[in-house]
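Just to be clear, the model below is a prediction. Sequence and coordinates:
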Amino acid sequence: MTRYLFDSELEELNNEMIEMGSLIEKAIEAAIQALIRQDTEIAEKTIRDDEIVDSQERKIEALCLKLLMQQQPVARDLRTISSALKMITDMERVGDHASDISEIILMMDGKPYIKDLEHIKSMAKETTFMLNNSIDAFVHKDQMLAAEVITHDDVVDELYCNVKKELISLIHQNPDNGEQAMDLMSIAKYFERIGDHATNIAEWVIFSITGKHVSEEVHEEEQTDHDEARMKYAEGVDHSD
């Protein structure tokens, strides 16, 4: 395989990743619309369409394996391909969670909501934002954008905590709210997990660029801080003598 052909297939990989990102974004949007409208048809379609996401995962996996087998990639290309293989696992799980949310909507059977869905809708918006940016970061090799995605996970976690507190309060006020409160808490938890998957994707993007996992970089920063503290302590002891 010539380098030109290899590069063109790497570009194809980018395009297929963008396509899978678009599919899971649509799945999340459909799930939240089904929730807001209590629309069982949209929920059922979201569940059916999960197979399209699964098929796209298999397509990308086959392309990655083809790239690995047909030419021995240099280190940078190898990181890109291996990171893509890791990322599509998280992306497929996002599609699963959109389907999980839709299944809960069907079980809720159109009963009036016990609370406004403001925070859950915000969670859906923020997780979609994170997913879009994590895929863009991969395609454009943008380490800073990937780092912003990781930081943004705190926003989703805070929204989840708000939803949980509100629902627990509603259960205390009226135990009859318990069943639906638990359903809504499960939906919020799925969105929180989607944020976690977006974070995972962003971490793999950083690995594909730097060759280091985020946890390794954090450990190195902590080690540097520790070393600097020891040096300052040693200097202080010297001065006291």
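Done, it's in.

which stretches of this structure have low pLDDT?
1, 215-241 (pLDDT under 70).

tell me the contacts of the most centrally placed residue in it?
Nearest to the centroid of the C-alpha atoms of the chain, with distances taken as C-alpha atoms, centre = their mean, sits Ala198, at 1.7 Å. Ala198 sits next to Asp90, Val94, Thr127, Met130, Leu131, Asn133, Ser134, Val149, Asp153 when contact means C-beta atoms under 8 Å, 6 or more residues apart in numbering. Just so you know, the C-beta spots here come from the backbone N, C-alpha and C atoms, and that holds for glycine as well.

what helix or strand does the residue nearest to Met108 when sequence neighbours are not counted sit in?
Distance criterion C-beta to C-beta, 6 or more residues apart in numbering; nearest residue to Met108, sequence neighbours excluded, is Asp183 at 5.5 Å. Counting by DSSP states H and E, the element that carries Asp183 is helix 178-210.

thinking again about what came up before, could you measure the residue nearest to the centre of the chain against Leu145, distance?
Using C-beta to C-beta, to the nearest Å, Ala198 is found at 12 Å from Leu145.

Return every residue with contacts to both of the two.
Residues touching both Ala198 and Leu145 (C-beta under 8 Å, 6+ apart) are Asn133.

Contacts for stretch 84-96 next, please.
13, 17, 20-21, 23-24, 27-28, 50, 53-54, 57, 60-61, 64, 131, 138, 193-194, 197-198, 200-201, 204-205, 208.

which among those residues end up buried?
Among these, those classed as buried by 16 or more other C-beta atoms under 10 Å are 13, 17, 20-21, 23-24, 27-28, 50, 53, 57, 60, 64, 131, 138, 193-194, 197-198, 200-201, 204-205, 208.

Pick the one among the contacts of Ala198 closest to Asp176.
Nearest to Asp176, judged by C-beta to C-beta, of the contacts of Ala198 is Thr127 at 30.3 Å.

my guess is that closest one meets Val155, correct?
No - taking C-beta atoms under 8 Å as the definition, Thr127 is not a contact partner of Val155, at 9.6 Å.

out of those two, which sits in the more crowded spot?
Between Thr127 and Val155, counted using other C-beta atoms under 10 Å, the more crowded position is Thr127 (29 against 16).

Leaving aside the residues adjacent along the chain, what's closest to the more buried one?
Take Thr127 and drop its neighbours on the chain: the residue closest to it by C-beta to C-beta, 6+ apart is Ile194, 4.4 Å away.
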